[in-house]
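> Quick one, what's the 3D model for this:
(one chain, ligands or ions: 1)
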Amino acid sequence: MNTSSTTLKPIQVGLLGVGTVGSGTFKVLARNQQEIRRRAGRGIEIAMVAARDVRRAKGIVGDHVEVVADARAVIANPAIDIVVELIGGTGIARTLVLEAIARGKHVVTANKALLAIHGNQIFAAARERGVMVAFEAAVAGGIPIIKALREGLTANRIEWVAGIINGTTNFILSEMRAKGLDFDAVLKEAQRLGYAESDPTFDIEGVDAAHKLTIMSAIAFGVPVQFDKAHVEGIARLHAVDIRYAEQLGYRIKLLGITKRREHGIELRVHPTLVPAKRLIANVEGAMNAVMVQGDAVGTTLYYGKGAGAEPTASAVVADLVDITRLATADPDHRVPHLAFQPDAMADTPILAIEQVVTAFYLRLAVADEAGVLSKITTILAEHGISIDAVLQRESAEGERQTDLVILTHDTVEGRLRKALAQMQVLPTVLAPIVSIRKEELA
Ligand code: HSE
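Numbers count the residues shown, from 1 in each chain. Model (predicted):
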């Protein structure tokens, strides 16, 4: 064994919060302590924990770890080298992270909302103080996607990143497809089974995915985190009928977070998306996560795994602890930059408005089943320079006077499509609000 690993005193860690991820971290560190020491070159020890319920926390961490109710006592302890923030949210968590940094502590956090919204401030404070802020657990749980984007793919000009980065919504979509059910019915079932939170708003409205996407976009393109510029749509308005039509056309519908480099800016968007059923990512089912990254040298890569849960997330937290342990004595200028690019080399490339985004579309129109309807619609699309890729019309039942018309377009600028939709919507033969869902080939 390397002599340094036997002589250096273990690095001292303080945990803020001992919920699911905190107890997972404790377990993984305890179980794999020999392997982790061999890798890190020194031991990693949780020395102090702050928890709201001190008695419960003591039951988890045992007698050798000091448990306190006041998180500031952990931050103020001069013996603590690394503070792990597992509180979540952007309130007290932000204050505590900034205080830990100000006291010269390295920080590990699983808090995507905090970094997507306040990351620029937090990273600047950390740079100033010469400490590391590590956040592998904030994006896609156990999948080492931050490591891959920031280091493994560092040779590449990254072109785009597209991911299933919310397990709750992927579980719901998988169930909707498998059972032919509508959103509300599946959500209730998901809540009953514990797959969805009792307040699932952040998940189903796409906000959680947008937090994670914002962080990946910053790392992929070397731009500041800009959550406020993300276009965010969730899955609550998806209908089983669209999942069915998509399937007939060879597609699955997934909630994707997509960020793309374009000539004049960066696309940053979360929305339900048709993906060819033959793509591996279209076959990621249940609560699993997957992220595709397209780099100019490597081509397309895909990362798959558990995006949540005690030990998968702890796997990422402990990896960050090992990274910090290895680099703690390195000159801060020689560490991996927080957002992959050197802070003085960040780009100010704008995030594009959704009207400027280029994508293909799935359209479903409830139309009167009479002569000339299809031609009026295709004329409007043609007038806006939108090319049709495929058309599907449901055969109407005996005596039925209306039908569904499903159109797949080729890539178009979204603003153009919106204008065409507005014209189609007022046609007397279009009988209900038109459904439009973006489509990506991810080729
Ligand atoms: N609520 C998230 C999900 C897990 O459903 O994927 C933590 O980000």
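> ok, and the closest non-adjacent residue to residue 102?
Spatial nearest neighbour of residue 102, chain neighbours left out: residue 129 (6.6 Å); criterion: Cβ to Cβ, 6 or more residues apart in numbering. Any C-beta I mention is one placed from the backbone N, CA and C, and that applies to glycine too.
> what's the answer for residue 216, then?
With sequence-adjacent residues excluded and distances taken as Cβ to Cβ, 6+ apart, residue 216 is closest to residue 161, at 5.2 Å.
> Can you tell me which residues in the stretch 101-250 of the chain are near the ligand?
166-168, 203, 208 (Cβ under 6 Å from any ligand atom).
> swap the cut-off to 5 Å and go again
For the stretch 101-250 of the chain, the residues found near the ligand under the criterion Cβ under 5 Å from any ligand atom are 166-168, 203.
> just the stretch 251-400 of the chain next, same as before
307-308.
> Give me the distance between the residue nearest to residue 156 when sequence neighbours are not counted and residue 160.
Distances taken as Cβ to Cβ, 6+ apart place residue 295 nearest to residue 156, at 3.1 Å, with adjacent residues excluded. The spacing between residue 295 and residue 160, counted by Cβ to Cβ, to the nearest Å, is 9 Å.
> outside of stretch 171-188, which residues touch it?
With Cβ atoms under 8 Å, 6 or more residues apart in numbering as the contact definition, stretch 171-188 has outside contacts at 189-190, 195-196, 200, 204, 235-240, 243-244, 247, 252-255, 272, 285-287.
> again but with stretch 107-115, I slipped
Contacts with stretch 107-115, where a contact means Cβ under 8 Å, 6+ apart, come from 21, 82-90, 93-94, 97, 100-101, 122, 126, 131-135, 137-139, 208, 211-212, 215, 225, 313, 316-317, 320-321, 324.
> what's the burial count for the closest residue to residue 394 other than its chain neighbours?
Across the structure, with Cβ to Cβ, 6+ apart as the measure, the residue nearest residue 394 apart from its sequence neighbours is residue 404 (4.4 Å). Residue 404: 19 surrounding residues under other Cβ atoms under 10 Å.
> buried ones in stretch 157-173?
Taking 16 or more other Cβ atoms under 10 Å as the basis for neighbour counts, the residues of stretch 157-173 that come out buried are 158-173.
> Just the ones in helices from these, please.
Where those overlap with helices, as defined by DSSP state H, the overlap consists of 167-173.
> Quick check: of those, which lies closest to residue 396?
Within the set of these, residue 173 lies nearest residue 396; the separation is 28.3 Å, counting by Cβ to Cβ.
> And the helices in the stretch 151-300 of the chain?
All helices of the stretch 151-300 of the chain, identified by DSSP state H, counting those that start in this stretch, fall at 167-179, 183-193, 201-204, 207-221, 240-248.
> looking at those helices, which is buried most?
helix 207-221 (a mean of 27; mean count of other Cβ atoms under 10 Å).
> now that helix against helix 167-179, angle please.
110 degrees (axes from the mean of the first three to the mean of the last three Cα atoms, to 10 degrees).
> got the contact list for stretch 220-233?
By Cβ under 8 Å, 6+ apart, the list of residues contacting stretch 220-233 from outside reads 115-117, 119-120, 149, 158, 161, 205-207, 209-211, 213-215, 217-218, 259, 261, 266, 268-272, 293, 339-341, 345-349, 351, 353-354, 357.
> Recalculate using a threshold of 6 Å.
The set of residues external to stretch 220-233 that reach it, using Cβ atoms under 6 Å, 6 or more residues apart in numbering, is 116-117, 119-120, 149, 158, 161, 206, 210, 214, 218, 266, 268-271, 341, 346-347, 349, 351, 354.
> quick one: which of the residues you listed sit in strands?
By the criterion of DSSP state E, membership of the contacts of stretch 220-233 in strands covers 158, 161, 266, 268-271.
> and those as CSV, adding distance to residue 28 and pLDDT?
Output for those, formatted as CSV (distance: Cβ to Cβ, whole Å; pLDDT from 0 to 100):
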residue, distance to residue 28, pLDDT
158, 30, 98
161, 27, 98
266, 35, 98
268, 33, 98
269, 34, 98
270, 30, 98
271, 35, 98
